[in-house]
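1. I'll drop the sequence and a predicted model, then ask my questions.
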Amino acid sequence: MDGHVVVRRAEVEDADRIAELNMLLAEETEGKRLDRRVVVEGVKALLEDSDKGFYIVAERTDRTSKIVGQLMITFEWSDWRNRYYWWVQSVYVDREYRNRRVFSSLFKHVVELAESRKDVYGLKLYVEEHNEPAKKAYAALGMRKAPYEVYEMNLKKEK
């Protein structure tokens, strides 16, 4: 690996690269091709409004300073716990940087952030049912399969 990787909170200037990684994620995991303009706007909307959530990125610190991994956190209020669950979403590591502890560094950073706050009860994520490598990675970091299934209803058509 060229250079060291540091983990940090993403900034608006990172939106194009995060959008690029999100598009790779959609194509790789679900075979979907996303509209780049919509994805960039969606990433910027979150980065400009911390009420929506935030991104954590892993960035090479060599001469290129390229983002090589990411994850997004969004919030779910739990009235049962009187605290938030943080949802880990949009997890992606550049193919060249997989199996180099990039995701575990991102995840460890999020766990430390969450543990430092009194208003966060736990972490949740969802994973595509056939993504066995991701399931193994999550389990290795201490996550367990929840006793829930996810249902959805899209009310708007994709552009």
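-> Yep, it's here. Numbers count the residues shown, from 1 in each chain.
2. Show me the shaky parts of the protein.
-> Low-confidence segments of the chain, defined by pLDDT under 70: 1-3, 159.
3. top helix in it by residue count?
-> Assignment by DSSP state H gives helix 15-30 as the longest helix of the chain.
4. Pull out the buried residues from that helix.
-> Buried residues in helix 15-30, counted by 16 or more other Cβ atoms under 10 Å: Ala15, Arg17, Ile18, Ala19, Glu20, Leu21, Asn22, Met23, Leu25, Ala26. For the C-beta atoms, the positions are set from N, CA and C on the backbone; glycine is no exception.
5. try stretch 35-55
-> Neighbour-count burial for stretch 35-55 [16+ other Cβ under 10 Å]: Val39, Val40, Gly42, Val43, Lys44, Leu46, Leu47, Gly53, Phe54, Tyr55.
6. Now intersect these with the strands, please.
-> Phe54, Tyr55 (DSSP state E).
7. Turn the buried residues of stretch 35-55 into TSV, including distance to Trp80.
-> Putting these into TSV (distance: Cβ to Cβ, whole Å) gives the following:
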residue	distance to Trp80
Val39	34
Val40	36
Gly42	30
Val43	31
Lys44	33
Leu46	26
Leu47	30
Gly53	21
Phe54	24
Tyr55	28
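8. just the buried residues of stretch 35-55 now: which is nearest Gln89?
-> Nearest to Gln89 among those: Gly53, at 8.0 Å, using Cβ to Cβ.
9. Identify the residue nearest the closest one in space, chain neighbours excluded?
-> Spatial nearest neighbour of Gly53, chain neighbours left out: Thr74 (3.9 Å); criterion: Cβ to Cβ, 6 or more residues apart in numbering.
10. Great, nothing more from me.
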